[in-house]
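Peer 1: Predicted model and sequence follow; I will ask about them next.
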Amino acid sequence: MTDTMVIKRRDRRSVHAQAHLEKLPKVPESLVGRVLCAHPEIVTAVACLLLAVLFLLPREILTVATAIGVVSFAFGWARLIRLPAPTATAALVGGVGILVVLAARTFGDFSIVTEIVGLGIVAAFGVEMWRYPRHDLLLSVSGNVAGLLVVSTSGAWIVLEKDAMWFFLLVPAALTLLGGCAGMGISANWSVKARAGTTLAFSMLFGAIAGILIMVWYSVMRENLMIFTGEHLSALPAAIASGVVLGLVIGLMFASLTVMFSADMAPATISAVFSQALIPVLAAGIPVYVLARLLVGEGSVLP
């Protein structure tokens with residue numbers, strides 16, 4: 001009797017171990033796929049370099065690049081967070097993202113994005129009504145809404161086209177994002193907390209350098225640099241402070257992604273890697289847009 005109970009316990013342990021192994025992410029077979037799944041910051045760094053290059057190209061190219069980024073993110077979002085209906089999620093998130101890009105380009109105003117996001121949330125519940133069977137309902141709804149919020153930030157990048165001094169912020173933003181990528185790459189084999197702290201520190205360091213770059217550019221564009229701190233601080237400390245704050249916000253995004261998408265939640269497909277890699281690039285549009293409003297003001301109107 002005792003031997004039978006021991007055998008049954010061993011069987012249960014083996015079954016549980018097998019079930020746990022099945023839940024672990026399956027990495028791609030190719031070497032490139034494995035490297036990208038382990039280091040999604042590589043894709044982020046390439047996207048940041050392209051973002052800096054866009055400053056040298058016609059402003060309309062930024063709209064095309066943002067639309068490509070939105071579609072790439074939407075295609076892999078469901079696979080990244082393991083949503084039950086990847087096709088419906090990709091269609092919903094991608095469709096709303098393209099509408100955000102078109103609306104921001106047409107009206108030149110970021111406030112129009114709020115109406116589109118509201119309609120997108122209604123559509124997210126509508127998608128669940130048509131889905132059957134509706135397993136993992138809460139996960140599906142929350143994941144779709146989170147994806148909508150990420151693609152909604154793409155509208156902030158489009159609005160930067162409306163003013164030359166706004167458009168220049170693509171360069172310091174790309175530099176700050178590269179700081180986060182450098183922090184993730186250097187701390188690749190460290191603990192999760194150490195990786196998050198290193199990423200945050202590098203983002204703030206590169207943000208300070210970006211602040212100096214902002215000061216140099218705005219000093220060239222204007223006779224006197226007027227930043228949100230007014231005349232209480234000189235130009236250099238104010239510019240560095242604005243860059244550090246930008247680095248802090250972007251660094252927090254990188255740190256949270258490091259904590260969230262580790263261990264069992266690590267990306268397992270190339271599309272999931274692109275989705276994770278583009279989150280900080282798309283979401284960085286909001287702090288950059290806020291910084292542009294603080295530095296320049298209203299700006300002009302899109303042609």
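Peer 2: Great, that's in hand. Everything numeric in this text was worked out from a predicted model, so none of it was measured. Numbering: from 1, shown residues only.
Peer 1: Was I right to think Tyr289 contacts Val113?
Peer 2: No - judged on C-beta atoms under 8 Å, Tyr289 makes no contact with Val113 at a distance of 10.6 Å. Yep, even glycine has a C-beta here, placed from its N, CA and C like the rest.
Peer 1: Those two - which one has more neighbours?
Peer 2: Val113 (25 against 21; other C-beta atoms under 10 Å).
Peer 1: what's the next secondary structure element after the helix-or-strand element of the chain with minimal mean pLDDT?
Peer 2: Ranking every helix and strand in the chain by mean pLDDT, DSSP states H and E puts helix 2-23 at the bottom, with a mean of 56. Reading on from helix 2-23 to the C-terminus, the next helix or strand found by DSSP states H and E is helix 31-38.
Peer 1: Compute the inter-axis angle for the helix or strand following that following helix and helix 31-38.
Peer 2: Reading on from helix 31-38 to the C-terminus, the next helix or strand found by DSSP H and E is helix 41-53. Here helix 41-53 runs at an angle of 80 degrees relative to helix 31-38 (axes from the mean of the first three to the mean of the last three C-alpha atoms, to 10 degrees).
Peer 1: Helix 41-53: which residues count as buried?
Peer 2: Of the residues in helix 41-53, 41-45, 47-48, 51-52 count as buried by neighbour count, 16 or more other C-beta atoms under 10 Å.
Peer 1: And Cys48, how far from Met265?
Peer 2: With distances defined as C-beta to C-beta, to the nearest Å, the gap from Cys48 to Met265 amounts to 23 Å.
Peer 1: go on, Leu51?
Peer 2: Shown here: Leu51 relative to Met265, a distance of 26 Å by C-beta to C-beta.
Peer 1: which SSE is the residue nearest to Ala196 when sequence neighbours are not counted in?
Peer 2: Counting by C-beta to C-beta, 6 or more residues apart in numbering, Ala255 is the residue found nearest to Ala196 once chain neighbours are left out, at 3.7 Å. With the criterion set as DSSP H and E, the secondary-structure element containing Ala255 is helix 235-260.
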